[in-house]
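**Q** fold the following and give me the result.
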Amino acid sequence: MIVRKWERTARSPLYDPTFLQLRVIKNAILVPRADFTNKALGAGVLHEQAGTMKVVTRSGIRRKGKDYVLPPPLDTQPKRYVERAVYGGFLFSHFGHFLLESLGRLWLDEINHSCPIIWIPSTANKLTPWMTDILHFTGIHGATEILSGEDGAVEIGELLIADQGFEVERYLHPWFSTWLQRVPYAPQMDRSHVWLSRSALGDLAGVEEEVEIERQLAQDGWIIAHLEEMTISEQVTLFAQATHISGIEGSAFHNLLFVSDFAAKVDIFTRHHSPNFEVIGTALGIDQQRHSLVGGTATDWKRANGSSDRRWSGIDVNETLKIIRTAGRR
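**A** Presented below is the predicted three-dimensional model:
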């Protein structure tokens, strides 16, 4: 195993590691779940050490300091051989988790073009058009592969494994955040106030009264942005030109990571209070504030994939608008 370290002089708060490693693992075995839909089955990376097959350390997904995916069976036999590859980690279908976790090991430009990137499916087993759009936007145009459970495990002669640049509720490493930055911040006064709309997302929207909030903000001259209808380049340009961005909590706010020297004011109205927004805001030193929805009732529900979400109804529109407008003048 060959190890390279990229040192830095300062640590971000909490759990941020002082350095990230790039390792070259000889004769690694990548193991997908035999059944993609069965989360009780393990997946990950194996290698032989002192005559014994072991799981490669720091090759899984860690969230909140714990392993998110079970390790693979140690007796897994590969069905084919690949000479050299970059380990992409685990592939997620959710925008925020794809951006922060499925791309979290690709922070070194030198590894992104020399050989294929291989992911192990987690909640996604194929690249969607929006995923490909993001890959191309970040400069990744080479070969990619998502392991199929039907195809089984694969042995890699040399597997390049970069440490994870982000961990849920823990840290955003500057090497990863710097790699993501693609567009310089260049505010335009005619695009100063942007509301990140969730109103067209159906069950995922989250706040019943958002349509009325948007109607009144549009009368004030705000841009009401439905990011799901835009390319990633269009989304990032919108962020790069705004001086104030607000909206209901959601992963759309993570687009600010693509902007270098981002300096817009950010106001997030809490839907389920994910700490990841504070992790990102603190790491980047953003002028970001979080606000509670005024009044209303929250209802928790389960998505088809088993994860949970929260809907709000009955919030006070006028009081919420007052907070939005006051925050925009700070």
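
**Q** now do the phi/psi pair for residue 137.
**A** Main-chain torsions, residue 137, degrees, to the nearest 10: phi -60, psi -30.

**Q** name the nearest residue to it, ignoring sequence neighbours.
**A** residue 232 (4.8 Å; C-beta to C-beta, 6 or more residues apart in numbering). For the C-beta atoms, the positions are set from N, CA and C on the backbone; glycine is no exception.

**Q** distance-wise, check that neighbour relative to residue 249.
**A** In this view, residue 232 and residue 249 are 20 Å apart by C-beta to C-beta, to the nearest Å.

**Q** flag the shaky bits of this structure, pLDDT-wise.
**A** 1-16, 109-113, 303-307 (pLDDT under 70).

**Q** mind running it again at 50?
**A** Filtered on pLDDT under 50, the chain yields the residue ranges 2-3, 5-6, 8-12.

**Q** residue ranges of the helices in it, please?
**A** 95-97, 129-137, 174-180, 210-219, 232-241, 276-284, 317-328 (DSSP state H).

**Q** so for residue 82, which of these sits nearest?
**A** Nearest of the helices of the chain to residue 82, taken as C-beta to C-beta: helix 129-137 at 19.4 Å.

**Q** tell me what angle the closest one forms with helix 232-241.
**A** 60 degrees (axes from the mean of the first three to the mean of the last three C-alpha atoms, to 10 degrees).

**Q** can you name every helix or strand that helix 129-137 contacts?
**A** helix 232-241 (3 or more C-beta pairs under 8 Å, 6 or more residues apart in numbering; DSSP states H and E).

**Q** identify each buried residue in the helix it packs on, please.
**A** Buried residues in helix 232-241, counted by 16 or more other C-beta atoms under 10 Å: 232, 235-241.

**Q** export the residues you listed to CSV and tack on distance to residue 20?
**A** Putting the buried residues of helix 232-241 into CSV (distance: C-beta to C-beta, whole Å) gives the following:
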residue, distance to residue 20
232, 24
235, 27
236, 24
237, 29
238, 30
239, 26
240, 26
241, 31
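
**Q** from those, pick the one nearest residue 225.
**A** Taking those together and measuring to residue 225 by C-beta to C-beta, the closest member is residue 238, at 5.9 Å.

**Q** thinking again about what came up before, need the max-distance pair from the buried residues of helix 232-241.
**A** Those two in the buried residues of helix 232-241 that are separated most widely, counting by C-beta to C-beta, are 232 and 241, at 15.1 Å.

**Q** circling back to that earlier point, let me see the contact set for the residue nearest to residue 137.
**A** Applying C-beta atoms under 8 Å, 6 or more residues apart in numbering, one finds that residue 232 lies in contact with 130, 133-134, 137, 255, 258.

**Q** try it again at 6 Å.
**A** By C-beta atoms under 6 Å, 6 or more residues apart in numbering, the contact list for residue 232 reads 133-134, 137.

**Q** only the buried subset of the residues you listed, as a PyMOL command please.
**A** Listed next is the PyMOL selection for buried residues among the contacts of residue 232, using 16+ other C-beta under 10 Å:
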select buried, resi 134+137
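
**Q** out of the contacts of residue 232, which is nearest to residue 96?
**A** residue 134 (11.7 Å).

**Q** and the closest one, what does it touch?
**A** residue 232.

**Q** relative to residue 258, how far out is the closest residue to residue 233 other than its chain neighbours?
**A** Using C-beta to C-beta, 6+ apart and skipping the chain neighbours, the partner closest in space to residue 233 is residue 137 (6.0 Å). From residue 137 across to residue 258, the span is 7 Å (C-beta to C-beta).

**Q** mind checking how far the residue sitting furthest away from the middle of the chain is from residue 237?
**A** Most distant residue from the mean C-alpha position of the chain: residue 51, 36.9 Å away (C-alpha atoms, centre = their mean). Noted for residue 51: a distance of 55 Å to residue 237, by C-beta to C-beta.

**Q** same thing with residue 220?
**A** Taking C-beta to C-beta, one finds residue 220 at 22 Å from residue 237.
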